[in-house]
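In: Sequence and predicted structure, then a few things I'm wondering about:
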Amino acid sequence: MTLYQPFLDYAIALLKDRLQLESYPIPEGFERKQATVGKGKKQEEVVTTSYAFAAPKIRQIRAAHVQGGSSLQVLNFVIFPQLKYDLPFFGADLVTLPGGHLIALDMQPLFRDDPAYQAKYTEPLLPTFKAHQQHLPWGGDFPEEARPFFSPAFLWTRPQETEVVEDRVFAAFCDYLQAYLDFTEQAQEVTDSQYLEEILQAQLSYLRYRAEKDPARGMFRRFYGPEWTEEYIHGFLFDLERKLAGVG
Ligand code: DBV
């Protein structure tokens, strides 16, 4: 059992329990990708598996799970709501590299600086955030340009110990996902055309930022080549623009 498998198992079980999950297409060749990396005794198989679902109110739930031995494990898990809801994104970036663990967990807001939006989607999460933050101190340097996409309940931490990931990060992940599903349950369809347009623009700017700045791009290019990587990013991980254009 690799480090992030229990996170994935928990998430899928909870989603099945609380949502009417539907399948969501994964482009051919992206469900599972494998490469042998390194030389001699350091050789490792790096396997990337993808998961995707849709549900009422949810456009896409998708996960990328990278397994390459004890010093290379990644689970990137994002929920993209449908464009007629003002729900935030659920975003988890759980990364283990030779240098250690790097954890980003948040409900990423559509409108970071709107007090009404914050009151609706961030304030209810603050007690949960504070409870976990005590055990998961701020992870330090963080790209300034990414700031608009994170909420004040952003958990950003670099634990030294794997046990912290297994216990504290796991507990935070479960609580954030539960809270996200509570928000989803309560979400009402937006009908105001101006607000709908703002939602669309906010979704697009989030998506473009993530696709353009994907911190996994270098790693994927090294393992699987540039062509596979760009197709994976734009055709699966961050596919909204393709879907809106009606291709793929
Ligand atoms: N990150 C992704 C996807 C990944 C992934 C789709 C499938 O968005 C993995 C894989 N994240 C990943 C890897 C690293 C990071 C780092 C492999 C390590 C990169 C490296 O050190 O080589 C949050 N993830 C990071 C970092 C941040 C995040 C801030 C540190 C990057 C840096 O310091 O430049 N999650 C990330 C992020 C957003 C988010 C920037 C923006 C909205 O949701």
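Out: Yes, it's here. Residues are numbered from 1 along each chain as shown.
In: going forward, measure contacts between C-alpha atoms and count neighbours the same way
Out: Will do.
In: Please name the residues that touch Val37.
Out: 43-46, 223 (C-alpha atoms under 8 Å, 6 or more residues apart in numbering).
In: With Gln60 instead?
Out: By C-alpha under 8 Å, 6+ apart, the residues touching Gln60 are 24, 52-54, 79-82.
In: How much space separates Lys33 from the ligand?
Out: Counting by C-alpha to the nearest ligand atom, to the nearest Å, the gap from Lys33 to the ligand is 12 Å.
In: hmm, back to that, neighbour-wise, give me the winner out of the contacts of Val37.
Out: Ranked by neighbour count (other C-alpha atoms under 10 Å), the contacts of Val37 have Phe223 at the top, with 20 neighbours.
In: Correct me if wrong: that residue contacts Gly38.
Out: No - at 9.8 Å, Phe223 and Gly38 do not qualify as touching, with contact defined as C-alpha atoms under 8 Å.
In: Return the member of the contacts of Val37 nearest to Asp113.
Out: Comparing the contacts of Val37 against Asp113 with C-alpha to C-alpha picks out Phe223 as the nearest, at 38.5 Å.
In: Near the residue in the chain positioned nearest to the ligand, how many other residues are there?
Out: Of all residues in the chain, Ala216 sits closest to the ligand, at 4.2 Å by C-alpha to the nearest ligand atom. Look at Ala216: counted by other C-alpha under 10 Å, it has 14 neighbours.
In: Glu28 now?
Out: For Glu28, the neighbour count with other C-alpha under 10 Å is 7.
In: hang on, it in a helix?
Out: No - according to DSSP: H, G, I helix; E, B strand; the rest coil, Glu28 belongs to no helix; its state is coil.
In: Could you tell me the per-residue confidence at it?
Out: At Glu28 the predicted local distance difference test score is 95.
In: same check, this time on Phe142
Out: Phe142 carries a pLDDT value of 88.
In: Check whether Phe77 really touches Val95, as I assumed.
Out: No - Phe77 is beyond contact range of Val95, at 11.2 Å (criterion: C-alpha under 8 Å).
In: Most neighbours among the contacts of Gln60, which one is it?
Out: Top of the contacts of Gln60 by neighbour count (other C-alpha under 10 Å): Ile79, with 24 neighbours.
In: Make sure Thr48 is actually in contact with Gln34.
Out: Yes - look at Thr48 against Gln34 with C-alpha under 8 Å: they come within range, at 6.4 Å.
In: Give me the more crowded residue out of those two.
Out: Neighbours per residue, other C-alpha under 10 Å: of Thr48 and Gln34, the larger number sits with Thr48, 22 against 15.
In: Can you identify the strand in this structure that spans the most residues?
Out: Among the segments of the chain that qualify as a strand by DSSP state E, the longest is strand 44-55.
In: residue ranges for the strands of this protein, please.
Out: 22-23, 32-37, 44-55, 58-67, 73-81, 89-97, 100-108, 155-157.
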